[in-house]
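Q: Here's my sequence, what's the structure:
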Amino acid sequence: MGRVVFLFLLLMYPLFGIGADISARQYIRTAERLHLADSDVWKGLIHATKNGKSAIYDPSFLLSYPHFSLHNELVATLEAMLYKNRHQRQQVICKFPARILWLKEKLHITDLNLIFEKCDAFQKYLTKTANDHISLVFASENVSNPSSMMGHTFFKISGKDKQGRDRAHAVSFYTVIDTLNIPWLIVKSTVIGMQGFFSLTPYEEQRFRNNVLENRNIWEYSLRLSENARKLLYYHFWELKDVKLTYLFTGYNCATIMYDMLYITGVKPKKRGFFWLTPKMLVKEVNRLGIVEKSRLIPSDVWYLKMLEDILTPDSRKHILELYHSGNYQAMATYPFSNKPLQRFAEKALMREYGEYLYFHSHIRRNRYMQIQKYTQSFRVHTKLPELDLSHYKNPLKSPGERQIQLGYDTYDKWMLTFLPAANTLSSDNRQYFSERSLKIGEATLSMRHHSVKLKRFDLYNVVSLIPWDPFTKKLSFAFECNYKTHYNTRLEPYQAYNLSFGGGITRKIGEDIYLFSLLNGGIAYGGKRFYGYLAPEAGWIMYEILHMKSVVRYRYIYHQHNSRSGYHHLLWTQSLFLNRNHRIELEWSKRFKTGKSFQHSILRYVYTF
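A: As a prediction, this is how the structure comes out:
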């Protein structure tokens, strides 16, 4: 009897395979009829680009590699789910849980044992993390660090795990800067590509690194997503853990990969278009989509200290600073705090936070930090002031766009056309930034004169950071340029030069709207068939004025350009009129002069920011 049963099963075995084949073909036909390959969710799961390719061209991620298409990948995934033997099918299920979950629900697949319980590593991920809440996190710009000069975005997943413990993790895409050669770094990160890393780390580690060590404000935007959307996104994070990724600053960065994943949640972001996406643009798009449930600001130590300094009187700041300089930390416990609630709050908070700032930035040793903690630990209970709302300070949602098109009329070069694909200028409205700053990446200016068009200037990388100096943080201002620009010879005749310059100095903030700054700049250049070094000390002021205006006045003394062994003066005044957040008019007046020679011109320009 046993031999008969065995022989029967042996004869019927091919029919089981035929049945599975028929079932698979039916599901594939249904998927084609429903156009699932063209679904935004499927494109998000595959990280499809606008030309129908995948931004992640890795055989470990694409089952249809090297013959990828959205349709081929869908068919390959269904075949792997339905054709493969039990062991191979389970491998696919464990590697691509988000794809499997979505296809299973869309095609109502119930006749196969598609379960995740046998995926040990995936189950460990589900056990040690939580997905009650998903937030998009924005770490503000840090122009002194090339890897974070445009800010950084990542997801935060949080909630209770299966054991009821609070969990919070950061899901981030980033690269590692492995060179100090700025020109090579720019080429590598924009053209060649760098190795990208997709990581899952405890959220507190990520926050501490960005917030404390790098002095960046953290904005958390809690997303309003359905339970199914959260689950699909949560499962998709797992699918990216071992994938080989290429990081391109202008093509595939932290904002780009997060933007693609928004499609998985069922929302419909705007098409990314030709230009690259920055972290701040991603945050603004998420806000436009209306899926931000609430937001929270975690200020950096430096920013928080400066805010507290603004609240306090000069005498209070001076007394607290003297306590730290003298080392008399015991006196903190008996300090005569103000009777005014806001002043008392600021005094206690500054006294405590300044100690943490000094320790975490290696300005004092642990034993001194512990002494400060001993005498200020009671302040933590008494320094809460509900009226102090930080959420409206320096909000990235209120900042102008990070791309600019400028059309101007120059009394010397006639028509000027400038395109800045990323960042801003000193004449922009920078009040939503931590300091006055200019960051130009890939800015190009064309001049049109006498029926000829020529490249007047190209800024590969140009940064000016005017951080107000204060006796607590003692931050210095700095400038760096890598560009192709106009220099002048001894007769003040213009010529084009390849330029690399750098400088440092101090900025003072006078009231709310006036900045005074001075920088000692120097550089090297090649132009006019000569290679030379030069100096360019600079001083100036910036003022925000009534009627939505802003003035920027800069004076430079440029010495030894063109190997001249002489110098000339350069005075530049720019007046901006802000029509609204996206439109402004600028009038610029420039004069270069030396004994017996002078050259001046003016520019009227219209600037569109988007």
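
Q: from here on, contacts and neighbour counts on C-alpha atoms
A: Fine.

Q: so who does Arg491 touch?
A: Lys597 (C-alpha atoms under 8 Å, 6 or more residues apart in numbering).

Q: That one - that's part of a strand, no?
A: No. According to DSSP: H, G, I helix; E, B strand; the rest coil, Arg491 belongs to no strand; its state is coil.

Q: mind checking pLDDT for it?
A: pLDDT, Arg491: 93.

Q: For the longest strand anywhere in the chain, output the C-alpha coordinates as CSV.
A: Using DSSP state E to define each element, the chain has its longest strand at strand 494-510. Extracted C-alpha coordinates of strand 494-510, given in CSV (Å, rounded to 0.1, in the frame of the first residue of the first chain):
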residue,chain,number,x,y,z
PRO,A,494,40.0,93.4,-15.5
TYR,A,495,41.1,89.8,-16.4
GLN,A,496,39.8,86.4,-15.5
ALA,A,497,41.5,84.2,-12.9
TYR,A,498,41.2,80.8,-11.3
ASN,A,499,41.1,81.7,-7.6
LEU,A,500,41.4,79.9,-4.2
SER,A,501,41.1,82.1,-1.1
PHE,A,502,40.4,81.8,2.6
GLY,A,503,40.0,84.0,5.6
GLY,A,504,39.0,84.3,9.2
GLY,A,505,37.8,87.1,11.6
ILE,A,506,35.2,88.4,14.0
THR,A,507,31.6,89.5,13.7
ARG,A,508,29.8,91.7,16.2
LYS,A,509,26.0,91.9,16.4
ILE,A,510,24.6,95.3,17.3
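
Q: Buried ones in that strand, by neighbour count?
A: 496-509 (16 or more other C-alpha atoms under 10 Å).

Q: Point out where the stretch 201-350 of the chain drops to low pLDDT.
A: Filtered on pLDDT under 70, the stretch 201-350 of the chain yields the residue ranges 272-275.

Q: All the helices of it, residue numbers only.
A: 203-208, 227-239, 254-262, 279-288, 301-311, 314-326, 341-360 (DSSP state H, counting those that start in this stretch).

Q: quick one: the strands in the stretch 351-500 of the chain?
A: Ranges of strands within the stretch 351-500 of the chain are 404-410, 414-420, 423-424, 436-449, 452-466, 477-488, 494-510, based on DSSP state E, counting those that start in this stretch.

Q: Confidence-wise, which of these is weakest overall?
A: Among those, strand 423-424 scores lowest, with a mean of 84.

Q: So what touches that one?
A: 150, 402-404, 437-441.

Q: quick check, distance from that strand to the centre of its chain.
A: 13 Å (C-alpha atoms, centre = their mean, to the nearest Å).

Q: Check stretch 317-330 too.
A: So, by C-alpha atoms, centre = their mean, the centroid of stretch 317-330 is 37 Å from its chain's centroid.

Q: Stretch 130-141 now?
A: On C-alpha atoms, centre = their mean, the centre of stretch 130-141 falls 13 Å from that of its chain.

Q: Which positions in it come out as buried?
A: Applying 16+ other C-alpha under 10 Å to stretch 130-141 flags 130-131, 133-141 as buried.

Q: go on, stretch 513-527?
A: Buried, per 16+ other C-alpha under 10 Å, within stretch 513-527: 515-527.

Q: Which of the helices or strands spans the nearest residue to His133 once chain neighbours are set aside?
A: Leaving aside its chain neighbours, His133 sits nearest to Ser158 (5.3 Å; criterion: C-alpha to C-alpha, 6 or more residues apart in numbering). Here Ser158, judged by DSSP states H and E, is contained in strand 152-160.

Q: and that strand with helix 254-262, angle?
A: Interaxial angle, strand 152-160 versus helix 254-262 (axes from the mean of the first three to the mean of the last three C-alpha atoms, to 10 degrees): 50 degrees.

Q: quick thing: my sequence starts at 5, can you match it?
A: That works, and once the first residue is 5, the last one we named lands at strand 156-164.

Q: So what angle separates the directions of strand 156-164 and helix 283-292?
A: 50 degrees.

Q: Can you give the distance from strand 156-164 to the centre of its chain?
A: For strand 156-164, the distance to the chain centre is 15 Å (C-alpha atoms, centre = their mean).

Q: Provide the contact partners of that strand at residue level.
A: By C-alpha under 8 Å, 6+ apart, strand 156-164 touches 133-145, 170-177, 207, 258-259, 262, 283.

Q: From the centroid of the protein, which residue is nearest?
A: When C-alpha atoms, centre = their mean is applied to the chain, the residue found nearest the centroid is Gly155 (2.4 Å).

Q: Now do the same for the residue nearest to His137: its pLDDT.
A: pLDDT, read off for Ser162, is 97.

Q: okay, now it: neighbour count?
A: Residues within reach of Ser162, counting by other C-alpha atoms under 10 Å, total 19.
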